[in-house]
Each structure stands twice: as structure tokens, then as C-alpha cells.
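Q: mind looking at a prediction? Sequence and model below.
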2 protein chains.
Amino acid sequence: MKIKAALPKGMRDFLPKDVVRRQYITQIIREVFELYAYQAIETPVMENLNTLTGKYGEEGDKLLFKVLNSGDYLSKTDDQILQAKDSRKLTAQISEKGLRYDLTVPLARYVVQNQNDLSFPFKRYHIAPVWRADRPQKGRYREFYQCDADVIGSESLYNEVELMQIYAKVFAKLNLEVKIKYNNRKILLGLMQSIGLEGKETEGIAILDKLDKIGLDKVIEEYKALELNDANLSLLRKLLETNDVSLLPTSDMLELGKKELAFLDKFKPENAFFDLSLARGLDYYTGCIFEVASTEYEIGSIGGGGRYDNLTEMFGKSDLTGVGISFGLERIYDVMEALNRFPENLNASSKLLLVHFSEANQNYAFQALNSLRDAGIHAEMYPDLVKFPKQLKYANDKNIPYVAIVGDKEMEQGLFALKNMETGEQQELGLDRLISFLKSH
Amino acid sequence: MKIKAALPKGMRDFLPKDVVRRQYITQIIREVFELYAYQAIETPVMENLNTLTGKYGEEGDKLLFKVLNSGDYLSKTDDQILQAKDSRKLTAQISEKGLRYDLTVPLARYVVQNQNDLSFPFKRYHIAPVWRADRPQKGRYREFYQCDADVIGSESLYNEVELMQIYAKVFAKLNLEVKIKYNNRKILLGLMQSIGLEGKETEGIAILDKLDKIGLDKVIEEYKALELNDANLSLLRKLLETNDVSLLPTSDMLELGKKELAFLDKFKPENAFFDLSLARGLDYYTGCIFEVASTEYEIGSIGGGGRYDNLTEMFGKSDLTGVGISFGLERIYDVMEALNRFPENLNASSKLLLVHFSEANQNYAFQALNSLRDAGIHAEMYPDLVKFPKQLKYANDKNIPYVAIVGDKEMEQGLFALKNMETGEQQELGLDRLISFLKSH
């Protein structure tokens, strides 16, 4: 039976040239994480469903990829559920595992499960794919990478500063100009309470989150609908226009937030800025929050994070605070490509192809190939006996920069005709000089 | 609700020190693959089930992890199947995707789907996890890594030689002594036909495969049960005792095999040996086959591969031959650990911890930390204000080799008291000398 070579919806293959570019980005992120003393961990792609469900809201639960139990999974199911064709209830009976939705819940599970083998504060990074059964669209995939660094078990604001420094350093190394925005949930919470939105803080913060999209006037209108009085409305407008913390009202919560903010202001990297309108959607943040945007290319946020408390509480370990950031690999890739910032010499291919005209030439070339590889040069020989133009086309298609031609004449003289595939320049070299040339070019 | 922090059966977390060791192995494999001009590809962890099923035998189909369709997946199912509680039939209606079982079938699908973007011969490598719902046992996990290199679309035996060279180079770099065994399916097939097992070749080869386990006498007994005559039985015994190709009968198939063997004999690495009893279980091999075993530690094969034809035929593209090898990461890890071959300086931790006694010390230390990191030194500061012994314990637990103590005296003098955590040696250094010391130690 013939099967169509196809992929599930929203999933992607990567060609060698794509892999090299993606690795260029993740390698820089990895190096900076390690420079800042974050350690790599790995967790399985599958988690128990009771670890995952209920952590991402009702919508998130629907987007979890669930794995069917092995064996005769229907044998113990409830007849009524089957008869009613109740998919949701049946799922609980036939599926115990799911693919991870992010790297944060697995981190919480990991920290509790492995706590006796970890040193706290625990600084870990994790660069790995996650899966969401979202409707695929441009730039949104059902399998995508997250690149996370988190510190668990330290209240110090130096962690927040370091995480902003990591953003600054990574994007500088990627040759991308960015703006790192920071704010504090305590300030947002205190502000909402101060202007009469006690009990409606989440709603109030959600409105703020729309500022970029709908503009200040419409934001103020939405607050009006929440029955804010005129004084509070004009205070809000002024605060959002000026971004001036000194205009904030006074409350215990606000004082706490301002103190934290002052620390960040003091140590922040040059390209980090306080932004009172930064809200971040996720409810679990409790302190500082971050977001990064390109200043050169419009694409939305390319990174974000913040401090959260009690992440591990659901697994029975309380009093662990955490703070972390995430890099949006897919969007960073799109920005790099749009702005043409990948280094020119990024190449998935070898440096040299040995081409030949006969079995004897090939035999000779293969001996040389061994020496080239022993010298650390990424080289290959066209493996089959095919016509010269076909071998050259292979080098060209694969972007191999040099070709060494081995014909009978070269064999007799112990030489290789080295051709620069870009300039067309050609020179004859012995093996030793060929090796030293390729090592230095 | 409290949830138990636990993992699905047969799945593993990796601690930072494990990750570093696993990466040490995969990085060497990766570097050698690239030295030999193999290019990295990536494919999704999920494939369509019609890509996966039927490729690994009936047993393999049962071991596939299947992913439940999203949404109201029961709405279109057959009532009769539900009533009969027929799990196998229902699976086909509620699951379209599965987790990959190996990297070979995804490669075949990839090559056909992306053929217009690839250059042939296509040399690719892929280092990634695969999943099998096997019964977990010591050394066997439900999620494990495969490290594969394959050449698609080249008949040349130079590929076979290169793949054996890759084995030799990787294990040399890992400081492991191994024996690379090779054989040829054409020889095995021809031999079985020549001794009267025409039509029963697979059975005959399967007996051979047991030689290591049950010994020569029992193997000969099993052949006897297949009604081989005495002449053939004694020929077989002699062949297996001597490993001498010149004793092989003559047939077209055997001549083909012998010719290929002669080529490998000529170019093989020093630690590769022809082994007539090497059979490899998998049916799809058609030419040379390989297997690698440690000569220092008994654990079974730590690598294997061979040539296969028509892998892409099921996806509608015929006439593509392939040859490839695989490294068994989990077993290689076990051998490395048992023989203590991981380098001593493999460390998941930073090189230096800055410790302090007060807010002012910490502030001072943090400035120094920035300079250390700018110089590329992996360093960290204990983020919270805690007692000195707790900070030292953290350095000790994490295997951080150096600690720099910053007290008031050090601040005044602009110095750091650098302590070697292993020897206990201590010296006072200014920042510049601290940096240059750490760079050179």
C-alpha cells in the first residue's frame, strides 16, 4: 500500500539549512544561560495528565495533546459514557498521559520530585519543544520550542536583574536591537485596588494589557465602563501618559512594588525600561514582570517572564518562589531572517568536495579524504562514479565552498586542483598544503 | 488539590550532572557526523499513524504511543465498535497521530516529502528521542535517544567504509575500546540458499543470530531440526568455526556478497572484523550489516546498522537505496559510567561563586560579577543574604571549584579572597588578576 508522505497539521520538518540557523540561535541562548550559571535539565515529553490539566485554564486543557493508554484501553471504561458518546468523560478513562504544554509546569513537578538531589537556589535552563493543539496559522505551530531560564527558591531581586542582563546579552550577541520592558504585579495590583477596583484587579489589569492594541482613549473608555470615578480616570490617564511612578497613590502593596522597582531601576541594563502599561496575561505572576520586543521589526513580544510564587504548591511543596524568562525561538528566527542577521558563513555543508573521474582517482581521493578528516576538516568525496558536472552540481546545490579535482594528471603529480566555487579561482596543491589552506580559509 | 509529583512509567528526568554527561557523548557523535559531512535534520515527534503502522511488525504496532484526536472525537465513531468495546478498531477512529518509534521511518517520509529541496546522495544525521510503550526494565526506557547517520541514494561501498570509520572515530574519542563486526546479507542469503534453505532464509538467518547466546552446538542442532543434510551441517560448522569466506559455496548471490565484502576488507578500520555469524534481526537489511560491541564491558551491542533498499517505496518513491548506522546512547552511557571514562572536569556548574556578608558586600560583588561574565567566566553570586556556611555549602554541593569571598576588608582593599574548594588554598587578588587567574585555571 502506498502512503502519502505527509505531516500532521501544524507540524514541521526542518531542512539542514534551517536546523543550522535554529541551532545558531539556541546555541547563543544556551551559552549565555551557562555564563550566568544556569544548568540544563531534561524532562520527558510526556507527563501524567493530572500534572498538566487545570494548569492552563479550560482553554488550555482542550489544547493538551493526550496520549491513548496502551493495550485494551476500553475494557475498563464506563458503558454509560460510551453510550452517551461523552468524549470529555471518556478521555479521563482512556488517557493518563499528555504531551507537555510548556516547560514551567514540568519544572514545578521536577523540582518537587527531585528536591533531594538539587541545590537551592536552583538555577535551571531548559530548551525543548512543547505541544499545543492550537489552530495552526502563520507563525503559530502545534510543535514549537521554548527556551526558559528560571531560579527557584530565591527571593533576591538580583535574579531579576540577571535575567534582564541575560536578555540584553543574548540579543546583543544575535545582533538584534531590542527594548526590554519591566513592570511589577504588586504595582499593578496596588494601583487597581487604589482606584476602586478591589475584587476586580484581574479585569483591570486585563484592560491595561490591551493598551498597545487599542490605544489610550479606548483603554480609558473600558475603565469608565467599570464605573471608575473621574478623578481615578484622569489619574490613570496621567500615569499611562507619563509612566511616572511618583504619581502613584500610596498603599502597602504599592510601596512594596515601588521598592522592588527602585532596585531594578538601579541595576537594569541600558536597554531595559519601566513600563507601567506592561501587564502580561498570565495570572500566576506575583512580582516583577518582563517582556522583550524588537525595535527594528514589528512582530509582538519575542520574550517574556516574571516572578511567581507557590508554583510548586500544587505538588505539595509551598514557600518556593521562582522567577524566570522565556525566549520565543520561532519569532526570533523570523526577525533574524527578515532583518538578514544570520551570519553569512553559517553553512550546513562540508568545506570541501573531492571529485574524480575513475575508480583509481576515487581510491586516491579517499586516502586523501582520511587525512583531511584527521586534520579536522569537514570534507566529503562524491561517493559514486558519476560524470563530473553532476558532482559539481552537488557541490553547488549544497553550497560547498571548495572542490578538489582528482584526475589522472593530479594523481601522477601528487596534486589536487582546488577550485573556489564562488570565485572560480583554481590552484594546484599537494596534500599538506591543501590541508593548511583549508584550515586557514 | 494536591497532586503527586510523579512521572509516567518508563520515563526519566535528568539532573544537570546527567545532562552534561549525556551531552558529552552526543556532542562527540555530532562532531564526527559533521566531520564526515552528514547534515542535521529535525522532524516532529508526532507522525501520522498511517506513516507509522505496519512498519515495525504487529508487536511494534502495539508499542506505538497513539495520540487522541482533539475535540469531540467520539462524535463520528461507529456505535457498534463502541458497544463491542473493540479497542483496536476504535483506535483507528479516534487517533490519527502517534509518537515516532524510531528515526528511520520518519527519514523515509522526510526524504520523499522534501525530495525537491534535498541534494542526493543525501547524508543526514538525526539525534533525537523516540518512544516505545515497551514493558520498562533495567536499561530499557519508554523514551530514549537514537543517534543515526544515513546516506540515501548512493550505492557506493565507500559509504559503508565511512560509516565504519565513524564508529571507530567516535569510540576512540570516547576512549572506549570496541570491536566493529560486519557481515553481508547477500552472503547470509546466498549461504542459506546454498545449503538447502531456499524459502526458509529468514528462519535460517534467525538461528545464526542466536550463536552468541546459545553457542555453536545448539545452533547446529537447530539447523538439524530444519532437516539439513550432514554435508551442509558440517560445512556450516566449519564456516562458523573458521569464519573463512573461501569455504563458502558458489552462487550468483554469494559472489555479489563476496565482492562487497572484499571492498570492506580492503578499506575497513583496524578494529573492524568480518563476522559470518553476525545476522542482525531486522528484515529490511539487504547488503552490508554492522554491529559494535565493547571489548571491555559486557552489555550487548552499542551500535548497529546496515544497507537497506526500497525504504522509501512505501511513500511512492522507489529505487532509493540507503545505508546507515545508529549509536545506542543509553548503553554507551552505561559503559562509560561503569568504566569511569567520563572526563573528570565535566561539570554542570559555574567556575566561581561570589560569597558575601552584607548588602554592601553583595552590591560590590555584583559589579565584579558583571566584569567576570563579560570576560567569559561562568560565575555566580549567592543571590540572597544568608550566612556564610550556607553559601559555602551551596558551592560544595554544586561542585563549584572556586569561591571568592567578599567582606568589608576585601572591599576596602579592592581585593577578593579566592579559595580553591578542593585544596583549601586561599589567595587575595584584585579583579583583573582574579579574572586572568580563572581564565587560565
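A: On my side now, so go ahead.
Q: anything in the helix or strand harbouring A:Pro106 near chain B?
A: Take DSSP states H and E as the rule and A:Pro106 turns out to sit in helix A:104-113. Yes: for a cut-off given as Cβ under 8 Å from any Cβ of the partner chain, helix A:104-113 has contacts with chain B, namely A:109-110, A:112-113. C-beta here means a position set from N, CA and C on the backbone, and glycine is covered the same way.
Q: list the buried ones in that helix?
A: Buried positions in helix A:104-113, judged by neighbour count with 16 or more other Cβ atoms under 10 Å in any protein chain shown: A:104-113.
Q: off-centre distance for that helix?
A: With Cα atoms, centre = their mean, to the nearest Å as the basis, the distance from the averaged C-alpha position of helix A:104-113 to the chain average is 19 Å.
Q: show me what the mean pLDDT comes to for it.
A: Across helix A:104-113, the average pLDDT comes to 96.
Q: contacts for that helix, please.
A: With Cβ atoms under 8 Å, 6 or more residues apart in numbering or on different chains as the test, helix A:104-113 has contacts from A:41, A:43, A:47, A:51-52, A:55-56, A:100, A:118, A:122, A:124, A:126, A:148, A:150, A:152, A:311-312, A:314-317, A:320, A:322, A:324, B:5-7, B:13.
Q: in helices only, show me these.
A: Per DSSP state H, helices hold the following members of those: A:51-52.
Q: so what touches stretch A:238-248?
A: Residues contacting stretch A:238-248 (Cβ under 8 Å, 6+ apart): A:187, A:190-191, A:194, A:211, A:216, A:219, A:235, A:254, A:258, A:261, A:274-277.
Q: now the buried members of those residues.
A: A:187, A:190-191, A:194, A:211, A:219, A:235, A:254, A:258, A:261, A:274-277.
Q: the strands in the stretch 51-200 of chain A, which residues?
A: Counting by DSSP state E, counting those that start in this stretch, the segments of the stretch 51-200 of chain A that form strands are A:66-68, A:95-99, A:122-131, A:143-152, A:178-184.
Q: show me which residues of the stretch 101-250 of chain A sit near chain B.
A: A:109-110, A:112-114, A:117-119, A:121, A:123-124, A:129, A:131, A:133, A:143, A:151, A:154-156, A:158-159, A:161, A:165.
Q: likewise the stretch 301-441 of chain A?
A: Within reach of chain B by Cβ under 8 Å from any Cβ, the stretch 301-441 of chain A has these residues: A:314-316, A:348-350, A:362, A:366, A:370, A:373, A:376-385, A:394, A:397-398.
Q: list buried members of those residues by neighbour count.
A: Applying 16+ other Cβ under 10 Å to those flags A:314-315, A:348-350, A:362, A:366, A:373, A:377-384, A:394, A:398 as buried.
Q: I'd like the list of these that fall within helices, please.
A: Using DSSP H, those in helices are A:362, A:366, A:373, A:394.
Q: quick check: the two most widely separated of those residues?
A: A:Arg373 and A:Tyr394 (18.5 Å; Cβ to Cβ).
Q: restricting to C-alpha, output the longest helix anywhere in chain A in PDB.
A: Scanning chain A for the longest helix, with DSSP H as the assignment, gives helix A:16-35. Presented in PDB, the C-alpha positions along helix A:16-35 are these (Å, rounded to 0.1, in the frame of the first residue of the first chain):
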ATOM      1  CA  PRO A  16      19.700  21.100   7.200                       C
ATOM      2  CA  LYS A  17      20.000  24.800   6.500                       C
ATOM      3  CA  ASP A  18      17.000  25.600   8.800                       C
ATOM      4  CA  VAL A  19      18.500  23.400  11.600                       C
ATOM      5  CA  VAL A  20      21.800  25.200  11.400                       C
ATOM      6  CA  ARG A  21      20.000  28.600  11.800                       C
ATOM      7  CA  ARG A  22      17.900  27.400  14.600                       C
ATOM      8  CA  GLN A  23      20.900  26.000  16.400                       C
ATOM      9  CA  TYR A  24      22.700  29.300  15.900                       C
ATOM     10  CA  ILE A  25      20.100  31.000  18.000                       C
ATOM     11  CA  THR A  26      19.700  28.300  20.600                       C
ATOM     12  CA  GLN A  27      23.400  27.900  21.000                       C
ATOM     13  CA  ILE A  28      23.800  31.600  21.800                       C
ATOM     14  CA  ILE A  29      20.900  31.400  24.300                       C
ATOM     15  CA  ARG A  30      22.500  28.200  25.800                       C
ATOM     16  CA  GLU A  31      25.900  29.800  26.100                       C
ATOM     17  CA  VAL A  32      24.600  32.900  27.900                       C
ATOM     18  CA  PHE A  33      22.400  30.800  30.200                       C
ATOM     19  CA  GLU A  34      25.500  28.900  31.200                       C
ATOM     20  CA  LEU A  35      27.600  32.000  31.600                       C
END
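Q: quick one: contacts of it?
A: The contact list for helix A:16-35 (Cβ under 8 Å, 6+ apart) reads A:14, A:40, A:125, A:127, A:145, A:147, A:149, A:166, A:169-170, A:173-174, A:327, A:329, A:332-333, A:336-337, A:342-343, A:346-349, B:39-42, B:124, B:373, B:376-378.
Q: mind redoing it with 6 Å?
A: For helix A:16-35, contacts defined as Cβ atoms under 6 Å, 6 or more residues apart in numbering or on different chains pick out A:125, A:127, A:147, A:149, A:166, A:169-170, A:173-174, A:327, A:332, A:342, A:346, A:348, B:39-40, B:42, B:373, B:378.
Q: cool, and stretch A:361-380?
A: Residues outside stretch A:361-380 that contact it (Cβ under 6 Å, 6+ apart) are A:350-354, A:356, A:381, A:406, A:411, A:431, A:435, A:438, B:34-35, B:37.
Q: most widely separated two among those residues?
A: Farthest pair in these (Cβ to Cβ) is A:Met411 and B:Glu34. Separation: 28.3 Å.
Q: ignoring the adjacent residues along the chain, who's closest to whatever residue of the stretch 151-300 of chain A ends up closest to chain B?
A: Per Cβ to the nearest Cβ, the residue of the stretch 151-300 of chain A with the smallest distance to chain B is A:Ser156, at 3.7 Å. Spatial nearest neighbour of A:Ser156, chain neighbours left out: B:Pro383 (3.7 Å); criterion: Cβ to Cβ, 6 or more residues apart in numbering or on different chains.
Q: please report how far A:Asp209 lies from A:Gly287.
A: Distance of A:Asp209 to A:Gly287, given as Cβ to Cβ, to the nearest Å: 17 Å.
Q: for the closest residue to A:Ser119 other than its chain neighbours, give me the pLDDT.
A: With Cβ to Cβ, 6+ apart as the criterion, A:Ser119 has its nearest non-adjacent residue at 4.3 Å, and that residue is B:Asp397. pLDDT for B:Asp397: 95.
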